[in-house]
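Undergrad: Fold the stuff below for me.
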Amino acid sequence: MPNPGAKIQSKGLTILEDQLKHEFMAYKKAETYAESFDNMQFRNLAMELAQQHRGRYSRLFDYLNSHA
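TA: This is a model prediction of the structure:
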């Protein structure tokens, strides 16, 4: 079980930083693609994908803040 407030080692911070960047970029790309689609099925699929990436970004961010 994670220990809130416990310090994260340097390697762990590097991994979290990379994951945050990747999830944010994936979120923004999926959102941009969704706005460009005329087909509503594609638009909805891309928006769903964007929200999944946004959710993972938020959970990673919250995890990081719980160990600050």
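
Undergrad: Skipping its backbone neighbours, what lies nearest the residue nearest to the spatial centre of the chain in space?
TA: Nearest to the mean C-alpha position of the chain, by Cα atoms, centre = their mean, lies Tyr57 at 2.3 Å. The spatially closest residue to Tyr57, leaving aside those adjacent along the chain, is Glu23, at 4.0 Å (Cβ to Cβ, 6 or more residues apart in numbering). Every residue, glycine included, has its C-beta placed from N, CA and C.

Undergrad: How about the contacts made by that neighbour?
TA: His53, Arg54, Arg56, Tyr57, Leu60 (Cβ atoms under 8 Å, 6 or more residues apart in numbering).

Undergrad: check which helix or strand covers it.
TA: Using DSSP states H and E, Glu23 sits within helix 10-36.

Undergrad: Can you name the residues that contact Leu64?
TA: Ile8, Leu16, Leu20.

Undergrad: Per-residue pLDDT of the nearest residue to the last one once chain neighbours are set aside, please?
TA: With Cβ to Cβ, 6+ apart as the measure, Leu60 is the residue that lies nearest to Leu20, at 5.4 Å, once sequence neighbours are left out. Note for Leu60: predicted pLDDT of 96.

Undergrad: ditto for Glu35
TA: So, for Glu35, pLDDT stands at 97.
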